[in-house]
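Engineer: Pasting the sequence and the predicted coordinates here, then a few questions.
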Amino acid sequence: MLTSPATTEEEVKNAPPEPPKETLPESIAGFASVFVVGLFIITFVIQHFEIPSGSMENTLLIGDHVFVDRLVPTGKASFLAPLFPYRDIRRNEIAVFVHPAEPGTYLVKRIVGVPGDRIHLRDGKLYLNGVLQAEPYVIRNGTRDIYRDNFPAVSPLESFGVADTGRKTLPPNIHSQDLVVPDGYYFAMGDNRDNSNDSRYWGLAPRANFMGRPLFIAWSLNQTETDFEPKGVGERIMAFLNTAIHFVGKTRWNRVLRLVH
């Protein structure tokens, strides 16, 4: 049988000292540091949003939970500017912003027009600066609407369903057959083009309203618009329990961690 030789006094003296054990205050400080960093990221870097409508189908579905990059639109004057690279929202990107007509509501739409762009639709097809756009992500339901499909051939002042913000911001920027996007504003539409309440109805989206752009789908639950209608406390509790019980079956696993573009 093999045995290890006895440890000599000299070896004991030359042995490296054992690392000091972490004290309780040090453990608490370490946990607090992680918590503060996580809170900073959630507050200033990314934010969670849930998709409650089908206006962005099939790019984003009802029940998709997305993480939004809040650094893109912070602005050059933001206190975060020295820490993170800044860039503006780009054409064809999907963005989250505050509803111009309903300040407490957030919207997620595709930005089809940036300042200086000339936009019009003919038979539902988008023309940007006079060029027909290929939009493979767009879906249509086959219905026809003169105002919606041929914007802005029919004046927003003459169309039913246009919000006051649309009646105010759209007409002054219509020149000939185009809507010209002014400085500081953007033109946004849903990918579900015939089922989207967008810039054709509530007008231009101010630069100051933007929150960021969705990065990826963190989780996706098979839901409908009725699931997001206002409910009483009892109904909300039952809905939560139903989701918890059927979590595996109701989750769209093929959409989890999918990039948004």
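Structural biologist: Now that the structure is in, tell me what you want to look at.
Engineer: contacts, neighbours, all on C-alpha from now
Structural biologist: OK.
Engineer: What about residue 90, how many residues nearby?
Structural biologist: Counted by other Cα atoms under 10 Å, the residues lying close to residue 90 total 15.
Engineer: you'd agree it is up against residue 115?
Structural biologist: No: in this structure residue 90 lies outside contact range of residue 115 using Cα atoms under 8 Å: 10.2 Å.
Engineer: what touches both of the two?
Structural biologist: Counting by Cα atoms under 8 Å, 6 or more residues apart in numbering, residue 90 and residue 115 have no shared contacts at all.
Engineer: Wasn't residue 208 part of a helix?
Structural biologist: Yes: according to DSSP: H, G, I helix; E, B strand; the rest coil, residue 208 belongs to a helix.
Engineer: Against residue 94, how distant is it?
Structural biologist: Distance from residue 208 to residue 94, counting by Cα to Cα, to the nearest Å: 16 Å.
Engineer: Of these two, which one has the most company?
Structural biologist: The neighbour comparison of residue 208 against residue 94 (other Cα under 10 Å) goes to residue 94, with 24 against 13.
Engineer: give me every residue that touches the more buried one.
Structural biologist: Applying Cα under 8 Å, 6+ apart, we find residue 94 in contact with 108-111, 213-214, 260-261.
Engineer: Can you select the buried ones from those in PyMOL?
Structural biologist: Buried members of those, defined by 16 or more other Cα atoms under 10 Å, are picked up in PyMOL with:
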select buried, resi 108+109+110+111+213+214+260
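Engineer: Pull the contacting residues for residue 92.
Structural biologist: 110-113.
Engineer: Find the nearest non-adjacent residue to the residue nearest the centre of the chain, please.
Structural biologist: Computing the C-alpha centroid of the chain and ranking residues by Cα atoms, centre = their mean puts residue 214 first, at 3.6 Å. Take residue 214 and drop its neighbours on the chain: the residue closest to it by Cα to Cα, 6 or more residues apart in numbering is residue 68, 4.1 Å away.
Engineer: That neighbour: what's it in contact with?
Structural biologist: 46-49, 96, 212-216.
Engineer: Residue 213 too?
Structural biologist: With contact taken as Cα under 8 Å, 6+ apart, residue 213 is in contact with 68-70, 72, 93-96.
Engineer: And it, what's its pLDDT?
Structural biologist: In this model, residue 213 is scored at 90, pLDDT.
Engineer: rewinding a little: dump the contacts of residue 213 to JSON lines, plus pLDDT.
Structural biologist: What follows is the contacts of residue 213, written out as JSON lines (pLDDT from 0 to 100):
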{"residue": "68", "pLDDT": "90"}
{"residue": "69", "pLDDT": "84"}
{"residue": "70", "pLDDT": "77"}
{"residue": "72", "pLDDT": "64"}
{"residue": "93", "pLDDT": "95"}
{"residue": "94", "pLDDT": "96"}
{"residue": "95", "pLDDT": "94"}
{"residue": "96", "pLDDT": "94"}
